[in-house]
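# Here is my input, please return the structure:
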Amino acid sequence: GLELKEDIFHLADGRQERRVTVESMILGMSASNSNVIQKGDELLQVNGQNVDDLPFPAIRESVCGQRGSLVSFRFRRFQESANSSSPSKDFQVVLKRGSWGAEHAVVSPEDQDLLDVRSWPRKDSMNLQK
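Below is the predicted model of the structure:
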């Protein structure tokens, strides 16, 4: 349920930089229902393997797999702001392939906190006695 795209940038010094990003997700599948992955997130790893080490067809093949099997992704999200030096956030998501529902997507509490745009700690995360 995850469509990726590959962009190749030609740098001024003659080098090339490649970026693999999320282009879209199939609604109702575990990637979209995770409520974590977003269009434009940069894919860094699939099942612990750096995408820099893989040709694009191999990356797409790694994303696909037997329905019900698990696949682990590490993404980078660039923060949009007026300040061009805004930091990026890396996070990991484990999905069950071919599944419908957010319960088939696992994000660590630490990564979820990094991605949560609300203030931290949240009132509902604190157990305060009256």
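# only C-alpha atoms for contact and neighbour calcs from this point on.
Will do.
# Buried residues in stretch 2-19, which are they?
2, 4 (16 or more other CA atoms under 10 Å).
# Please name the nearest non-neighbouring residue to the spatially most central residue of the chain.
With distances taken as CA atoms, centre = their mean, the chain has residue 75 as the residue nearest its mean C-alpha position (3.7 Å). Of all residues not flanking residue 75 in the chain, residue 43 sits nearest, at 4.6 Å (CA to CA, 6 or more residues apart in numbering).
# Tell me how far the host helix or strand of that neighbour lies from the chain's centre.
Take DSSP states H and E as the rule and residue 43 turns out to sit in strand 42-46. Distance, stretch centre to chain centre, for strand 42-46: 7 Å (CA atoms, centre = their mean, to the nearest Å).
# Run through the neighbouring helices and strands of the next helix or strand after that strand.
Downstream of strand 42-46, the next assigned helix or strand under DSSP H and E is strand 49-50. In terms of contacts (3 or more CA pairs under 8 Å, 6 or more residues apart in numbering; DSSP states H and E), strand 49-50 is packed against no helix or strand at all.
# how about 10 Å then?
The criterion is 3 or more CA pairs under 10 Å, 6 or more residues apart in numbering; DSSP states H and E, and the helices and strands that strand 49-50 contacts are helix 56-63, strand 70-78.
# What are the contacting residues of it?
Strand 49-50 has contacts (CA atoms under 10 Å, 6 or more residues apart in numbering) with 43-44, 59, 62, 72-74.
# Those into TSV, with extra columns for distance to residue 16, neighbour count and pLDDT?
As requested, the contacts of strand 49-50 are exported to TSV (distance: CA to CA, whole Å; neighbours: other CA atoms under 10 Å; pLDDT from 0 to 100):
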residue	distance to residue 16	neighbour count	pLDDT
43	17	25	97
44	17	20	97
59	18	20	95
62	23	15	91
72	27	18	94
73	24	19	95
74	22	20	96
